[in-house]
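# Here is the input, now give the coordinates:
(chains A, B and C)
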Amino acid sequence: MNSRDRILERIKKNLPQESPLPSVDINTNFSDLKEKFKATLTSIGGTAIEVTDWSHIKNYIQLNYLDTDQVISTAPQLNFKAHTFKNDPRALERIKISILQGSFGVAENGAVWITDTHMGDRVLPFINEHLALVINEKDIVSTLHQAYEKIDLINYSLGVFIAGPSKTADIEQSLVLGAHGAKSLVVFLMT
Amino acid sequence: MTVSLFVPCYIDQFYPKVAIATLELLEKLDVDVIYPEKQTCCGQPMANAGFEQLTRGCNSLFIDNFSACDYIVCPSGSCVLHIKNHLHADGQEHKAHSIQSKVFELTEFLTDVLQVKSLSANFNHKVGLHQSCHGQRGLNLSQMSELVASPFSKTTHLLKMVNGLKLVPLNRHDECCGFGGTFCVTEEAVSVKMGKDRLRDHVENGAEYITASDMSCLMHLDGILRRQKSKVNVIHIAEILNSSKSKLI
Amino acid sequence: MNSRHTDHATRAEKFNLDESRVDWHDKTLWFIREKRDKAAWQIPEWEQLRETASQIKNNVLSNLHDYLIEFEKNAQKNGATVHWASTPAEHNKIVLDIIKQAGARNIVKSKSMLTEECHLNEYLTAHGIDVVDTDLGERIVQLAGEPPSHIVLPCIHWKKEEIGELFHQELGTPKGNADPQLLTNAARLNLRNHFMTSRVAITGVNFAVAETGEIVVCTNEGNADLGVQLADVHIACMGLEKIIPRRKHLGVFLRLLARSATGQPITTYSSHFKKPREGQQWHIVLLDNGRSERLGSNDFRNALKCIRCAACFNTCPVYRRSGGHSYHTTVAGPIGSILAPGLDMKKNADLPFASTLCGSCSNVCPVKIDIHDQLYKWRQVLVRNGHVSAIKAIGMKGMAAVLSYPFIYNTSGSLGRWIMRYFPFLFSNRANLWYKQREMPKAPEKSFREWYIKNRKKK
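The predicted structure follows:
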């Protein structure tokens, strides 16, 4: 008998009495989702910027990142080098900011859900110094419970909740933004 | 109603005035109190040290002494909790269950059974309330800070009835004092450090007296206070609630 | 090493020699407890969430066999290779074989208490594999040659000046610099190199979803993700009990986890690995190591519900004043004290006694593990199995004898008090542990019983 069978046999022998699965019916709803999302994102070190169209995002990038060779985006509406760097982490690493499309936001924790469909290269959300995510303002839900209802409708191989910039407080509980992932996070809320 | 007075062993031996205050307080509230003389100990010190199997003698004695009454009242949260959780006796489980349903710590007896609305007690001092863990988290004498739930405190409710008493706020209002039974000697360093930290909280906030519903906590804190030659004193809540103008504490 | 055999009390006593350091350690962790409280109070339905999580985990335990098979099937469909290991030795060998097959000599690892439980780093190093822990806290203790002292904040016992000195020696940062920003940046640059050159990445698993065959890994630093996305091989190591039934249950657990652990609403990254990158190998290693046995214990099974948030550590007044290394086991604190005796009763017999049974731990636990009740129950088991000192056993037997007979109790009591009053030096000396830092209580002349008989008893 191999380990798998031995383990499963031991487990079967030791199973306790049946405990039923509870229903998860928690229905918290915030009244102003956009404001709640913005406030939470700010409190966790991110920046929320409201925009009405993609040209605003383009303007923001051009204003803040003078060398647009250092910008990458998988969003077709932004014409920042997307395709050539797949599977070339060294090249991707030199990029200063990536701008990626998210699926939706979660108001209670300021997180944005993004899947591999919109990442281009799976390393892109994590490798650059700065990260920007774009979601529609109307695609913000209150809590993770509602988030998972949306996720059930999305097909993905990798899905990540990204909430603010990477961080650590491992050194004497001093919060430092920018551990291994992005040092800053901007979420563009498209109206 | 008849109430049997359950006096913890160490109160019987070292702090009889706490039991006297409990008795007098109940009598003032028109309660008919019986004191079973053959009682010894609830067995908690041994059980908590892992020697539950040695508590048979204590358990039988307890059942013999306390079966016949309406209520059992005790000035100690931890002893009451132990009886509620761990009283067993072969062939007498129904008696054990009956006892478990009618045993009360003093303050909860006053608030829940007697539903005391006022006391003619006087204690013109600043008092820090130490929330003894077993009474608080085990018997729900007051709301614990860990839970997201409405605050309440049976002990504070009673202390507010005492004339002149000023409750001081604390930085950590329900952290353990570090007594913990045999822990107080087996982990002496941590035990004393916990006690010192509790005391610093009370003293920093101006307490002249420290009270609690468990004399074991107070015995441990008092040991440290006396070693520090502090002016602060401990006093069991029974003594405060039983105090009057003419009585010297 | 000798230190493996010194017990918690001895180590804690040593820890307490530096009182200001204990104060600093205690304050730092209490601050995290307060952050957790603040976060919990933002969720009016917090207690409902805890109850729901607890019941979901109860259901998992009662259906563990079927959920594991369901998870394995779905993970395999997604492209994962699933391995099963009964023991740490088996686990380590499986991991080593995967690494060797990939032809890798240096690998990166994100935080995984399970790999600590298996002492994986030592094993791999002994077999010529260079393992770099990429979580900043873990990297610090790795460079220092120590085990982590906290399962979420591995180097909470290190002051920033000490980290500064360590980084100066190991990473070449300026001497005397203790600025967390600078030190973190130095670690970022140094570890970035390791990420770029490691073909194998090991991660832990926070949750494994039976319904979909996906795993979730939560970090604040992004180190798990960087490691996996730059590697050719992803090895995810998990305990059997990390299974949850449905993906929607992640909503419950992710709302509880970070808030309980650090007071954040969620970690920066909550990565749901469902299918590997094209061309990437994905291995999942399931470890038993006593979990299947514990499942059969009515008293101790609930410890398997643990989601490793460490809220119990932060609230424990004893942990805060003794430090993780006093527990001489991989997972310290209250949860560690009910897990460790199950792994090695003799070595860890002291841990369930490193507690006052205050109950704070059980009430911050997001999955409602009855930690303090299990501590009590472990004490009974340990005594029954002879793992308590002979002196203590004799003392307890003596106490039981005295307390079982009213006459002996009353006589001993009177005698004891008399001796205390007239021969105080017998108690007030350094041999009496109570007396080391506390005065003895005064012994009154009369016990309450004696007072009662004299003043109240109806003749």
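
# Low-confidence ranges, chain B, go.
By pLDDT under 70, the low-scoring segments of chain B are B:245-249.

# again with the stretch 351-459 of chain C
Residues of the stretch 351-459 of chain C meeting the criterion pLDDT under 70: C:459.

# could you pull out the strands for it?
Counting by DSSP state E, counting those that start in this stretch, the stretch 351-459 of chain C yields no residue ranges for strands.

# got it, and chain B?
Applying DSSP state E to chain B gives strands spanning B:2-5, B:32-34, B:71-74, B:103-105, B:126-129, B:166-167, B:209-212, B:233-236.

# The third one: partners in the sheet, and parallel or antiparallel?
Paired neighbours of strand B:71-74 in the sheet (DSSP bridges): strand B:2-5 (parallel), strand B:103-105 (parallel).

# want to try TSV for these, with mean neighbour count as columns?
Bear in mind the C-beta positions are built from the backbone N, C-alpha and C, glycine included. TSV is the format used below for those (neighbours: other Cβ atoms under 10 Å in any protein chain shown):
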stretch	mean neighbour count
strand B:2-5	20
strand B:103-105	25
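
# And for the one helix or strand residue A:12 maps to, what's in contact with it?
Assigning secondary structure by DSSP states H and E places residue A:12 in helix A:3-14. By Cβ atoms under 8 Å, 6 or more residues apart in numbering or on different chains, the residues outside helix A:3-14 that reach it are A:1, C:64-65, C:68-69, C:84-86, C:90, C:240, C:286, C:288, C:292-293, C:295-296.

# So which of those belong to strands?
Of these, the ones assigned to strands by DSSP E are C:84-85, C:286.

# A strand includes residue A:105, no?
Yes - counting by DSSP: H, G, I helix; E, B strand; the rest coil, residue A:105 falls inside a strand.

# tally of neighbours for the closest residue to it other than its chain neighbours?
What sits nearest to residue A:105 in space, not counting adjacent residues and going by Cβ to Cβ, 6 or more residues apart in numbering or on different chains, is residue A:140, at 4.3 Å. A count of nearby residues for residue A:140, using other Cβ atoms under 10 Å in any protein chain shown, gives 23.

# Residue A:140 contacts residue A:35, correct?
No - contact criterion Cβ atoms under 8 Å: residue A:140 and residue A:35 do not qualify, at 9.9 Å.

# now what about the following helix or strand past the helix holding residue A:12, what contacts it?
Tracing the chain C-terminally past helix A:3-14 and defining elements by DSSP H and E, one meets helix A:33-43 next. Helix A:33-43 has contacts (Cβ under 8 Å, 6+ apart) with A:30, A:47-48, A:50, A:105-110, A:137, A:140-142, A:163-164, A:187, A:189, C:265.

# again, only this time at 7 Å
If you take Cβ atoms under 7 Å, 6 or more residues apart in numbering or on different chains as the criterion, helix A:33-43 is touched by A:30, A:48, A:105, A:107-110, A:137, A:140, A:142, A:164, A:187, A:189, C:265.

# in it, what's buried?
Judged by neighbour count using 16 or more other Cβ atoms under 10 Å in any protein chain shown, the buried positions of helix A:33-43 are A:33-34, A:36-38, A:40-41.

# What of stretch C:94-101?
Judged by neighbour count (16+ other Cβ under 10 Å), stretch C:94-101 contains these buried residues: C:94-96, C:98-99.

# Let me see the contact set for residue C:149.
C:156-157, C:323-325, C:332.

# One more pass at 10 Å, please.
C:25, C:137, C:141, C:155-158, C:313, C:319, C:323-327, C:332-333 (Cβ atoms under 10 Å, 6 or more residues apart in numbering or on different chains).
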